Structures are given as structure tokens and as C-alpha cells.
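Enquirer: take a look and give me a structure for this.
(one chain, ligands or ions: 2)
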Amino acid sequence: MTCMPAFPAPPLPIILDGDPGHDDAINILLALSGSESASPEFQVLGLTTVFGNVGLDRTTRNALIVRELSGVDVPIFAGADRPLVRGRISAEAVHGDSGMDGPDLPTPTRGAEAGHAARFIIEQLRARPGEVTLVPTGPLTNLALAFRLAPDIVPLVRQVVWMGGSTDTGNWTPAAEFNALADPHAAQIVFTSGVPLTMFGLNVTHQAIAHPARVAAFRALGTRVGEFAAVLLEFFAEHHRERYGWDGGALHDPMTVAWLLRPDLFVSRPMHVKVDLTAGPSAGRTVADVWNLTAPRPKGRGFLLRVPLRICAASGLARRPQGLQKHRSLNHSDSGASLAGLYQRC
Ligand code: BDR
Ligand code: CA
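Expert: Residues are numbered from 1 along each chain as shown. Ligands and ions are numbered 1, 2, ... in the order given. As a prediction, this is how the structure comes out:
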């Protein structure tokens, strides 16, 4: 097992690719709060959007809203509006018609940049070889398109940190997690590309529940962003209460940025993972070889697929809000999120 990848000195250049989405929104705010501090942890190069929880028009609109709320000026590029091969699925049942139901959603005053998300990803990777971390929290279609359009960029990717898949059960079918099922062929392209990949599956994200006390911690920030996050999480909790009987929503997507901030809080293991591309009941399943049954445990670049399995209990997600005091956005403006809503239940 391993907890600690080697990270370069901050700020870490990252591109957030997602389908906001309640948990995507929290992830974006978390990353942007870490780009605004006096000693920034991230240089957020841009946000790229993809179809997923709802259609691309709405996921992009939601990204624009979150950007304005944060007060941080990052470019936003819209990407794929459909999967590579299969038909589109969406998750209004979880995220509401807007994809971010709950809070009042203002009309964004600024639009997305011209150009496709995949092109932006290609340009950024070529401009910063070996530096850029890609953080997808939706279907992997934009990454797959970029890798296919410009194979030269694959070795230039520092790493991919993805929320999707599962080592055990699914949440959209008994076998498949939503982001994996939404575009399994794209996942297959990224998984077999050779990029170092960390897969935050349901097996670990279901340990990060935003219990009411955590939601209250967001609200207690007394900021517009804190209130927005609290209302988002209250809406998100409803689905999790009905479906799983949990007292809060699972903070799937924020696990990615949380791991970049504090990899020591997670126990991970490298393993082989394959995506089921068949059309049967296991379609979209990420078949994870937890016990190295099909091949020896993978080592090094070439097939480094790291799968977080557990959030280390005592080491302190709960203490993290104090650690965030250095974020200017939390202290001196109404911008920024915190890890106040992230909590494990083991
Ligand atoms: C994933 O699917 C989406 O509904 C969430 O935003 C998350 O990325 C969880 O399965
Ligand atoms: Ca998502």
C-alpha cells in the first residue's frame, strides 16, 4: 500500500474537467480557494466541461456560475456533448434539472471561451511538458478526444486524478459507476494510454459523507460561497438519504483535489483495472484486480493505476478547516470553499 506520491513544489498546474454537478462544484471551489492564497497550492489553468450529470449546455452554465461565485478568473472551455460510442445517459434524478439544483442560480455574466476543451488541454500540455495534472470528475470523453487527436501529449501528462469507477459495486447499475458508464470507451482509452492515473472510485468516495455537521461548518463560514455550498449539499443529501439511507451526500469529486492537497490522508494501492465494454449487465464496470489475480502488481510509469481504498481516519480531514486559514479567499472575501464538508465515516 502507498499513501505518498512525490509532488513538485506548489503551485501545481491543474486543469479541472467536469460535469457540474453538486460535487463537481464543491471540487472547483476547493481548487480555486487553493489558488488564491498567499502561498497557492494550485495554478488552475482552466475549467473544461463535458456532458454528464446533465447536458453540456447546463454543465457549462454551471461552471460559469461557480467561477463567478468564486471571484477567480479562470478560462472555461466546453467540450464533448456526447460519449464516443454509446448513447448519452444523464443524472437529473441526482442533481436536478439544472444539474446544480438547490441554491438560486444566477445568470452568468460571462460566457465560455471559444474553442473545444480537448484543444485547450492539448495546448496546455504542449506548453508545459510534464507539469500539468488533469483532474477529471465526469466522463473521460474530453481526455480521450485530446489523447486521440494529439497522441504526442500523452507522455506530457504529469498525472490524471479521476473520480469514477469502483473496485466493488456501482451506483448507476449494480456493476457500474456513473462516470465510467457514461463513456466506458473513453475510460478505456485513458486507462490504456499509459498516463499515471489515480482512480477515486465509489469504494473510497462513499467514505466521504457530508454529514449535517459538516454542512453546518460550510454555513458557519458566513460567506456567499459557504452558504451556496451548504445549500448544494443539502439538496445532494436528499438523493443519498433516499437511495442509501445516509445522512448526507457522498463527496465524490472533491476527493480528487483533497488527495492533491493531502495524499497522506488516503491509503492507495497500484492495481490493474479494466473497463467492461460489453453491452451486458456489467457494462461500464471498472474491473479492479485488487488481489493481483491476473498479473503481478503493476510498477512504475507505463501502467501506474493507483486506486485509493481508504481515507485514513485519525490523520485529520476533520482538522483541515483550521489548516485552510491561510486561504485568503476564506478569510477576506466571500470566495472559496473548504474541506469542512469532507468527512469519512469509517
Ligand atoms: C459521479 O457521478 C456524478 O453524478 C457525480 O458528479 C460524480 O462525478 C459519482 O458517481
Ligand atoms: Ca461529476
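
Enquirer: what about Thr286, how many residues close to it?
Expert: Neighbours of Thr286 under the rule other CB atoms under 10 Å: 29. No exception for glycine: its C-beta is placed from N, CA and C like everyone else's.

Enquirer: my guess is it contacts Gly164, does it?
Expert: Yes. With contacts counted by CB atoms under 8 Å, Thr286 reaches Gly164, the gap being 7.5 Å.

Enquirer: joint contacts of these two?
Expert: Listed as contacting both Thr286 and Gly164 by CB atoms under 8 Å, 6 or more residues apart in numbering are 177, 180, 187, 199, 201.

Enquirer: quick check on the first one: phi, psi?
Expert: So that's Glu177. The phi and psi values for Glu177, taken as degrees, to the nearest 10, are phi -80, psi 150.

Enquirer: kindly report the same for the third one.
Expert: Backbone torsions of Ala187, given as degrees, to the nearest 10, read phi -60, psi -40.

Enquirer: extract the CA atoms of stretch 217-224 and return them as CSV.
Expert: As requested, the backbone C-alpha atoms of stretch 217-224 are provided in CSV (Å, rounded to 0.1, in the frame of the first residue of the first chain):
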residue,chain,number,x,y,z
ALA,A,217,-19.4,24.2,9.0
PHE,A,218,-19.8,25.5,5.5
ARG,A,219,-22.7,27.7,6.5
ALA,A,220,-20.8,28.9,9.6
LEU,A,221,-18.2,30.4,7.2
GLY,A,222,-20.7,33.2,6.9
THR,A,223,-19.8,33.8,3.2
ARG,A,224,-21.8,33.6,0.0
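
Enquirer: and that stretch, what's buried?
Expert: Residues of stretch 217-224 classed as buried under the neighbour-count rule (16 or more other CB atoms under 10 Å) are 217-219, 221, 223.

Enquirer: repeat that for stretch 285-297.
Expert: 285-286, 288-289.

Enquirer: same check, this time on stretch 168-177
Expert: 170-172, 175-177.

Enquirer: adding pLDDT, secondary structure and distance to Val85, write those out as TSV.
Expert: Shown next, in TSV, are the buried residues of stretch 168-177 (pLDDT from 0 to 100; DSSP: H, G, I helix; E, B strand; the rest coil; distance: CB to CB, whole Å):
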residue	pLDDT	secondary structure	distance to Val85
Gly170	98	coil	19
Asn171	97	coil	21
Trp172	98	coil	17
Ala175	98	coil	18
Ala176	98	coil	15
Glu177	98	coil	18
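
Enquirer: list, out of those residues, those positioned next to ligand 2.
Expert: Of the residues in the buried residues of stretch 168-177, proximity to ligand 2 by CB under 5 Å from the ion holds for none.
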